[in-house]
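Engineer: Fold the following and give me the result.
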Amino acid sequence: VPLTKTSIFLSGGFFILSIAISLVKHHVFRSMSLILFFFLGILFAMNERWVPPHHISSSDPQGQVRLEGQVGSVPEKTVKGRKETLSFVLEARSFYEGSRHHETNGKVQVFLHNPGREIEFGDQLLLRGRLEIPKERRNPFGFDYAEYLAKQGIRKIFRGIGRFSILRQSDGTAHFFNLAVQRARANLEARITRLLPSPHRELASALVLGFRKNIPQELKDAFIKTGTAHLLAISGLNLSLIGGLFYLVCSYLGLGRIVNLVLTTAFLGVYVGLAGANIPVLRAGI
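Structural biologist: Here you go, the predicted structure:
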């Protein structure tokens, strides 16, 4: 998932305020700066909840539509017998309801069943299938998939079946840095898949790169029963281990402490992108 504008603004503001606070020792300036930072955070949070009029979640259509947009996440493939499912987030731009064309925006969770072709991050797609609202949980203690998607700004699901669900596919115009990071992430997952047997490759992809959809159910159940399911999600523990190991290697090379810190910070910034750059990973990285 690419970095959101809110994350960029808040991270930049926190960095600038940290420098300012360290330079100016007056306690009033420190207090006012912190109040300003949290006030801006509240404003950005309120802005994230605002839904534009043409947002895909505000549109009425459900059922068969043609949806156009750009792939906004690395596609993940799951295979069960003869059924192959490709899942990714699509940055929607327009949809066709019958012969009527509508401009739109927003994220849609896409599931393509047996599409018969490869899809990469940044591709431009025109898809044919069914647009629907995520189902809410029926069991009050069960997993709420609709709420899980809503936290990522996703309120619609699109499902396509067969090779004819992809009507058009072309290379996209994604930002060069995002494109390079996401394709490197996909290549690393493919290399892990080639090098390790199952279920070690699925576990390694989850712990290192954040791909968790292919983990066998019996392995998930084992983590749940032992109370260690949180290890499957990349968080502060993973980043601390990886960052600490990188810093240790740099220290053995005889580099100075400041150089080590700068290199480790840069390395963690790149790794946050490789790990998917979702909210928990961003928080842990900061």
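Engineer: from here on, contacts and neighbour counts on C-alpha atoms
Structural biologist: Will do.
Engineer: dump the residue contacts of T264.
Structural biologist: 243, 246-247 (C-alpha atoms under 8 Å, 6 or more residues apart in numbering).
Engineer: Quick check: of the residues you listed, which lies closest to L232?
Structural biologist: Lowest distance from L232 to these (C-alpha to C-alpha) belongs to G243, with 17.9 Å.
Engineer: Would you agree the closest one falls within a helix?
Structural biologist: Yes. Assigned with DSSP: H, G, I helix; E, B strand; the rest coil, G243 falls within a helix.
Engineer: Any idea how many residues pack against it?
Structural biologist: 20 (other C-alpha atoms under 10 Å).
Engineer: quick one: it and K151, what's the gap?
Structural biologist: To K151, G243 is 28 Å away according to C-alpha to C-alpha, to the nearest Å.
Engineer: Check which helix or strand the residue nearest to S57 when sequence neighbours are not counted maps to.
Structural biologist: Spatial nearest neighbour of S57, chain neighbours left out: R155 (5.7 Å); criterion: C-alpha to C-alpha, 6 or more residues apart in numbering. For R155, the element it lies in under DSSP states H and E is strand 154-161.
Engineer: Low-confidence regions, the chain specifically.
Structural biologist: For the chain, the stretches with pLDDT under 70 are 1-30, 32, 44-54, 58-62, 141-143, 172-175.
Engineer: What lies in contact with the helix or strand just after the strand holding R155?
Structural biologist: Scanning forward in sequence from strand 154-161 by DSSP H and E, the next helix or strand is strand 166-170. With contacts defined as C-alpha under 8 Å, 6+ apart, strand 166-170 is touched by 115, 123-128.
Engineer: ok, so of those, who is nearest A180?
Structural biologist: D123 (13.2 Å).
Engineer: just checking, the closest one touches V71?
Structural biologist: Yes. Taking C-alpha atoms under 8 Å as the definition, D123 is a contact partner of V71 at 5.4 Å.
Engineer: which of the two has more neighbours?
Structural biologist: Neighbour tally, D123 and V71, criterion other C-alpha under 10 Å: the higher count belongs to V71, 24 against 17.
Engineer: Identify the bridge partners of that one.
Structural biologist: For V71, the residues forming beta bridges with it (DSSP bridges) are L90.
Engineer: Let me see the contact set for it.
Structural biologist: Listed by C-alpha under 8 Å, 6+ apart, the contact set of V71 reads 88-91, 120-125.
Engineer: Kindly recompute the last result at 10 Å.
Structural biologist: By C-alpha atoms under 10 Å, 6 or more residues apart in numbering, the residues touching V71 are 88-92, 107-108, 110, 119-125, 172, 174.
Engineer: next one: V65
Structural biologist: Contacts for V65 (C-alpha under 10 Å, 6+ apart) come out as 95-99, 127-131, 158.
Engineer: let's go with 8 Å and repeat that
Structural biologist: 95-98, 128-131.
Engineer: buried subset of these?
Structural biologist: Neighbour counting by 16 or more other C-alpha atoms under 10 Å classes 95-96, 128-131 among these as buried.
Engineer: how about the helices of the stretch 151-286 of the chain, start to end?
Structural biologist: For the stretch 151-286 of the chain, the helices defined by DSSP state H, counting those that start in this stretch cover 176-195, 200-209, 217-225, 236-252, 257-274, 279-285.
Engineer: Check what contacts stretch 209-218 and list those residues.
Structural biologist: Stretch 209-218 is contacted by residues 76-78, 185, 189, 199, 202-203, 205-206, 232-234, 274-276 when judged by C-alpha under 8 Å, 6+ apart.
Engineer: In JSON lines: the contacts of V65, plus distance to G210 and secondary structure.
Structural biologist: JSON lines is the format used below for the contacts of V65 (distance: C-alpha to C-alpha, whole Å; DSSP: H, G, I helix; E, B strand; the rest coil):
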{"residue": "F95", "distance to G210": "30", "secondary structure": "strand"}
{"residue": "Y96", "distance to G210": "34", "secondary structure": "strand"}
{"residue": "E97", "distance to G210": "35", "secondary structure": "strand"}
{"residue": "G98", "distance to G210": "38", "secondary structure": "coil"}
{"residue": "R128", "distance to G210": "29", "secondary structure": "strand"}
{"residue": "G129", "distance to G210": "28", "secondary structure": "strand"}
{"residue": "R130", "distance to G210": "28", "secondary structure": "strand"}
{"residue": "L131", "distance to G210": "27", "secondary structure": "strand"}
